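Q: Okay, here's the prediction I keep looking at, along with the sequence it came from:
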Amino acid sequence: MIAVVQRCSRGEVRVDGARVGALGERGGLAVLLGVEVGDGSPQAKKMADKLAKLRIFEDAAGKMNLAAADVGATVLVISQFTLAGDCSGGNRPSFINAARPEVAEPLVEEVVQGIRAAGLHVETGRFRTEMKVDILNDGPVTLIVRVDAA
């Protein structure tokens, strides 16, 4: 399972012109989440825990030492199968490593529920739709988080 995590001051997802998910006024984390072949519940649990506890917000000393819950931030989770794309063989990406939608969708939902269980407010995009994502990266802070099999 792979995620691109951005600390954002603003973020929203629109489908057919309607907003379906957004960060709150304080901003938060925009999480582009990709599920790969072989991922399952253990990876979803690890990813949810990692995202809920990820300390990328600055404390009073200016160090990245605070998690989303510490600053009252929202988490915006957006499924993104293209993160599993492989461009190593040429110029056209291969998506053979991306989990099938019927496998990926419940795992994305499991990550969302895990983050919520940690006490965070979570908004989402909409699975299997053409989404327009608008985020304003703060810092900029962008991290790649990967959770492999145990």
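A: Happy to help now that I have it.

Q: Count the residues that sit near the closest residue to residue 52 other than its chain neighbours.
A: Leaving out its chain neighbours, the residue that sits closest to residue 52 by CB to CB, 6 or more residues apart in numbering is residue 118, at 3.7 Å. All C-beta atoms are positioned from the backbone trio N, CA, C, and that covers glycine. Per other CB atoms under 10 Å, the neighbour tally for residue 118 reads 17.

Q: Also residue 21?
A: Residue 21 has 21 nearby residues by other CB under 10 Å.

Q: show me what contacts it?
A: Residues in contact with residue 21, defined by CB atoms under 8 Å, 6 or more residues apart in numbering, are 12-13, 76, 78, 123-126.

Q: which element is it on?
A: In this assignment (DSSP states H and E), residue 21 forms part of strand 18-22.

Q: all helices of this structure, in order?
A: Counting by DSSP state H, one finds helices in the chain at the ranges 41-53, 68-71, 101-117.

Q: so which of those helices comes closest to residue 133?
A: helix 101-117 (15.0 Å; CB to CB).

Q: Please work out the average pLDDT along that closest one.
A: Helix 101-117 shows a mean pLDDT of 97.

Q: Pick out the residue nearest the middle of this protein.
A: Closest residue to the average C-alpha location of the chain: residue 31 at 2.1 Å, with CA atoms, centre = their mean.

Q: surely the residue nearest to residue 52 meets residue 47?
A: No. Using CB atoms under 8 Å as the test, residue 118 is too far from residue 47 to be in contact (11.9 Å).

Q: Show me the strands in the protein, by range?
A: Counting by DSSP state E, the chain has strands at residues 2-15, 18-22, 28-34, 57-58, 64-66, 74-79, 121-124, 131-146.

Q: could those strands be laid out in TSV, adding distance to residue 114 and mean pLDDT?
A: Output for these, formatted as TSV (distance: least, CB to CB, whole Å; pLDDT from 0 to 100):
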stretch	distance to residue 114	mean pLDDT
strand 2-15	13	96
strand 18-22	17	96
strand 28-34	12	97
strand 57-58	20	94
strand 64-66	20	96
strand 74-79	10	97
strand 121-124	9	96
strand 131-146	14	94
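
Q: Nothing else from me, thank you.
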